[in-house]
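Peer 1: Next come a sequence and a model predicted from it.
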Amino acid sequence: MGVVDNGGTLVAQQPKGLIDPNTGKPIGSDDAFFGEIDNELADKGFLVTSSAHLITWARTGS
């Protein structure tokens with residue numbers, strides 16, 4: 001889970017889930033709603049953390 005160090009380059013693991021045998025893509029990948037979210041995240045990025053780490057980080061800046 002997470003990223004894999006592949007000779008100095010960090011690479012995300014292959015997605016897991018149900019694959020459509022006709023397209024070879026994950027089921028639901030053509031959903032317009034998730035396409036918009038994907039475009040938004042690709043443009044701005046995102047952060048994944050636990051609430052405890054977020055609260056600790058917020059306390060260090062106050």
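Peer 2: Everything's here; your move.
Peer 1: Flag the shaky bits of the protein, pLDDT-wise.
Peer 2: The model of the chain has pLDDT under 70 over residues 1-16, 45.
Peer 1: Just the strands from it, written as ranges.
Peer 2: Counting by DSSP state E, one finds strands in the chain at the ranges 3-5, 10-12.
Peer 1: Now do residue 58 against residue 49, distance only.
Peer 2: 11 Å (Cβ to Cβ, to the nearest Å). Every C-beta, even on glycine, is put in place using the N, C-alpha and C of the backbone.
Peer 1: hang on, I meant residue 31
Peer 2: In terms of Cβ to Cβ, residue 31 sits 27 Å off from residue 49.
Peer 1: what does residue 43 give?
Peer 2: The spacing between residue 43 and residue 49, counted by Cβ to Cβ, is 20 Å.
Peer 1: Scan the protein for its longest helix.
Peer 2: Counting by DSSP state H, the longest helix found in the chain is helix 32-44.
Peer 1: List of residues touching it?
Peer 2: The contact list for helix 32-44, computed with Cβ atoms under 8 Å, 6 or more residues apart in numbering, reads residue 28.
Peer 1: Mind exporting the C-alpha coordinates of it to PDB?
Peer 2: Coordinates of each C-alpha in helix 32-44 appear next as PDB, following Å, rounded to 0.1, in the frame of the first residue of the first chain:
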ATOM      1  CA  ALA A  32     -18.600  12.200 -15.300                       C
ATOM      2  CA  PHE A  33     -18.800  13.100 -11.600                       C
ATOM      3  CA  PHE A  34     -15.500  11.300 -10.700                       C
ATOM      4  CA  GLY A  35     -13.900  12.600 -13.900                       C
ATOM      5  CA  GLU A  36     -14.500  16.200 -12.600                       C
ATOM      6  CA  ILE A  37     -13.000  15.300  -9.200                       C
ATOM      7  CA  ASP A  38     -10.000  13.700 -10.900                       C
ATOM      8  CA  ASN A  39      -9.400  16.800 -13.000                       C
ATOM      9  CA  GLU A  40      -9.700  19.000  -9.900                       C
ATOM     10  CA  LEU A  41      -7.200  16.900  -7.900                       C
ATOM     11  CA  ALA A  42      -4.800  16.700 -10.900                       C
ATOM     12  CA  ASP A  43      -4.800  20.500 -11.100                       C
ATOM     13  CA  LYS A  44      -4.500  21.300  -7.400                       C
END
